[in-house]
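Peer 1: Here you go, sequence then predicted model.
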Amino acid sequence: MELLEGVYDLHVHSAPDVLPRLMDDLEMGRRIIDCGMAGYAIKSHYFCTAERAQLIKKLYPACDAIGAITLNSSTGGINPAAVEMAARAGAKLVWFPTCDSAHERKYVFSGKPGRKLPYWAQIVIEMKEEGISVPVINIIDNKGKLSDTVITVLDIIAKYNMILATGHISHEECFTLVKEAHSRGIKNIIITHVDFPTTFYTIDEQLKLSKYGAIMEHCYTTWATGKIDIETSLAQIKALGSQRVIIATDLGQKTSIYPDEGMKAYMLKLLEAGISENDIRTMCVHNQRRLLGK
């Protein structure tokens, strides 16, 4: 309880969803309160979750449920109207493309032997077999320039002081996007799970991104599922410093532990690695509150 007091997890996959989930928002909201956490962001690859967040906050006032939108094909891709409506409904987080990112699709469907496909990949396969278009999304053209719709989305994010999360876009797209976002006055930028295989950034790359005010996100599932050794994550966290890092879980998968359990496990790993309690609270409480304007 003491360890988790006031903690935010800004990357939680809860039900209702089209993918199998361990818990729904009703259970997650109750768990947030019971363990002493402050709140969580509802992440869906397919739907805006602002309305769900409003209902959870009404049912559990002590749980700060945070709505979000992910710019995949099901929300219209890079869709300014969808972002505007999400913002008006109270969403605070805008994830750029994840499972529909051209970069992510190329990696996942590369045909590499032994590579286990994520749950969402099966949905892509099924829809294609049924003749339903599931286009990939690029946010820059062949000259490295952001599309006009991306610029409009950035202006909406800035207008409502939302949080921009980079999703699973390529490095070239990410650097171009973050630089432009910074120039347009976006103050809250998260580089989505920087140590994940498809979005892996070196320490040097992370330091360059941090110059634009970006915060690096490290998630429990990345090392807990063996995608990377935790020592690599710890080295990155120590190199960037607590002011430029947030800890999240990316949990909610049917076969995993609960997000609050994952957050606690991660925090204990940080303590064991010699990271101070003050620095841990900065990465789990204070940086999140700053991003959310609390």
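Peer 2: Arrived safely.
Peer 1: can we go C-alpha only for contacts and neighbour counts from here?
Peer 2: OK.
Peer 1: which residues of this protein score low on pLDDT?
Peer 2: Across the chain, the ranges flagged by pLDDT under 70 are 1, 114.
Peer 1: Now with 90, please.
Peer 2: Within the chain, the stretches with pLDDT under 90 are 1-2, 110-119, 133-134.
Peer 1: Where do the strands of it begin and end?
Peer 2: 8-12, 39-42, 64-66, 68-70, 93-95, 163-165, 189-191, 214-219, 245-248 (DSSP state E).
Peer 1: Serialize the ones you listed to JSON lines and add fields for distance to Ile78.
Peer 2: What follows is these, written out as JSON lines (distance: least, C-alpha to C-alpha, whole Å):
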{"stretch": "strand 8-12", "distance to Ile78": "20"}
{"stretch": "strand 39-42", "distance to Ile78": "20"}
{"stretch": "strand 64-66", "distance to Ile78": "21"}
{"stretch": "strand 68-70", "distance to Ile78": "9"}
{"stretch": "strand 93-95", "distance to Ile78": "10"}
{"stretch": "strand 163-165", "distance to Ile78": "13"}
{"stretch": "strand 189-191", "distance to Ile78": "17"}
{"stretch": "strand 214-219", "distance to Ile78": "21"}
{"stretch": "strand 245-248", "distance to Ile78": "25"}
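Peer 1: got CSV for the ones you listed, with distance to Arg281 and mean neighbour count too?
Peer 2: Formatted as CSV, those follow (distance: least, C-alpha to C-alpha, whole Å; neighbours: other C-alpha atoms under 10 Å):
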stretch, distance to Arg281, mean neighbour count
strand 8-12, 10, 26
strand 39-42, 14, 25
strand 64-66, 17, 26
strand 68-70, 24, 29
strand 93-95, 21, 27
strand 163-165, 20, 24
strand 189-191, 18, 25
strand 214-219, 14, 26
strand 245-248, 10, 28
